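Trainee: heads up, no residue letters with this:
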């Protein structure tokens, strides 16, 4: 999906690093991952799956094994997007996703304190 | 910003992971008990074979109860891969020793899960787990009582035949 199709003002920047950003759309209840030249849409479940897939990649094996390519295809069943990433890009995407999920936790705590637990 | 992850699911990722691990452990126990039933049947211990078949069904029921809970809370319940089930036992007593050890491991696992729930203040899951914690009292009691029959009756002579007859009669009552 092209960035131009989305009204960026309607999105909330959840987390960014130097390699990319993840946005949330409160209107559409979905997320947009801006990474590796792609602007890809994910729902809650698929974003969790993406995180799991990225975290399961053995980066050490990728770097040390000389009998395989130096990049990894990142996707999962039912995912419309495929990333072809080298080790550094995998580390960057992992950092981006972990930062995003930490922000989700923080947002959950803040929502609880500010709105849900107010008497 | 909407709390989308919370809207989608009541339980946290960590709790979901632990519940899925528990589902796997229950599936493993169910298969192990079935394996024990098979061994007992082949060696002529019919009552014990029935006892372990029933235990296997109970573990399967526990697995499905956990599975349903994860799904009901909006989580991703994972159908587990069960491998490495022990199929051969050195003797009649070893079967019951392994059964007790399996129950102790399950109890410990539930205790860890409960501790995590307390840490996260997930009292909804904690309340759900209470049923399992109570169930483990019965499970461990039955496994321990079965093993104690080997001490009380003894294995010599007709001992094992007598133990086999008594295994199916073990029952637990809170009163």
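Mentor: Yes, it's here. Quick caveat: nothing in here was measured; it's all calculated off a predicted structure.
Trainee: what residue lies at the spatial centre of chain A?
Mentor: Centroid check for chain A by Cα atoms, centre = their mean gives residue A:97 as the closest residue, at 4.2 Å.
Trainee: For the nearest residue to residue B:66 once chain neighbours are set aside, give me the pLDDT.
Mentor: In space, and not counting its chain neighbours, residue B:66 is closest to residue B:23: 4.9 Å by Cβ to Cβ, 6 or more residues apart in numbering or on different chains. Yep, even glycine has a C-beta here, placed from its N, CA and C like the rest. As summarised for this prediction, residue B:23 has a pLDDT of 98.
Trainee: How about residue A:19?
Mentor: 93.
Trainee: in what helix or strand does the residue nearest to it when sequence neighbours are not counted lie?
Mentor: Distances taken as Cβ to Cβ, 6+ apart place residue A:92 nearest to residue A:19, at 3.8 Å, with adjacent residues excluded. According to DSSP states H and E, residue A:92 maps onto helix A:87-111.
Trainee: Residue B:7 now?
Mentor: Assigned by DSSP H and E, residue B:7 falls in helix B:4-8.
Trainee: buried set for that helix?
Mentor: B:4-6 (16 or more other Cβ atoms under 10 Å in any protein chain shown).
Trainee: how big is the angle separating the helix or strand following it from helix A:87-111?
Mentor: Using DSSP H and E, the helix or strand that directly follows helix B:4-8 along the chain is helix B:13-42. Here helix B:13-42 points in a direction 100 degrees away from that of helix A:87-111 (axes from the mean of the first three to the mean of the last three Cα atoms, to 10 degrees).
Trainee: Which strands or helices does helix B:13-42 pack on?
Mentor: helix B:46-72, helix B:92-120 (3 or more Cβ pairs under 8 Å, 6 or more residues apart in numbering or on different chains; DSSP states H and E).
Trainee: Can you narrow the buried residues of helix B:4-8 down to the ones near chain A?
Mentor: B:4-6 (Cβ under 8 Å from any Cβ of the partner chain).
Trainee: Adding pLDDT as columns, could you present those in CSV?
Mentor: Listed next are these as CSV, based on pLDDT from 0 to 100:
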residue, pLDDT
B:4, 90
B:5, 88
B:6, 87
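Trainee: thinking again about what came up before, how much space between the residue nearest to the centre of chain A and residue B:166?
Mentor: Counting by Cβ to Cβ, to the nearest Å, the gap from residue A:97 to residue B:166 is 56 Å.
Trainee: what's the answer for residue B:76, then?
Mentor: For residue B:76 relative to residue B:166 (Cβ to Cβ), the value is 44 Å.
Trainee: With residue B:9 instead?
Mentor: Applying Cβ to Cβ to residue B:9 and residue B:166 gives a distance of 47 Å.
Trainee: Can you tell me which residues in chain B are near chain A?
Mentor: Residues of chain B lying close to chain A (Cβ under 8 Å from any Cβ) are B:1-9, B:13, B:76.
Trainee: make it 6 Å
Mentor: By Cβ under 6 Å from any Cβ of the partner chain, the part of chain B that sits against chain A consists of B:1-6, B:8.
Trainee: Chain A against chain B: which residues are in contact?
Mentor: Counting by Cβ under 6 Å from any Cβ, the residues of chain A that sit close to chain B are A:12, A:26, A:29, A:44, A:104, A:107-108, A:111.
Trainee: Now, of those, which are buried?
Mentor: For the residues of chain A next to chain B, buried by 16+ other Cβ under 10 Å: A:44, A:104, A:107-108, A:111.
Trainee: Turn those into TSV, columns for distance to residue B:100.
Mentor: Output for those, formatted as TSV (distance: Cβ to Cβ, whole Å):
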residue	distance to residue B:100
A:44	42
A:104	42
A:107	46
A:108	41
A:111	46
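Trainee: out of these, who's nearest residue B:118?
Mentor: residue A:108 (18.2 Å; Cβ to Cβ).
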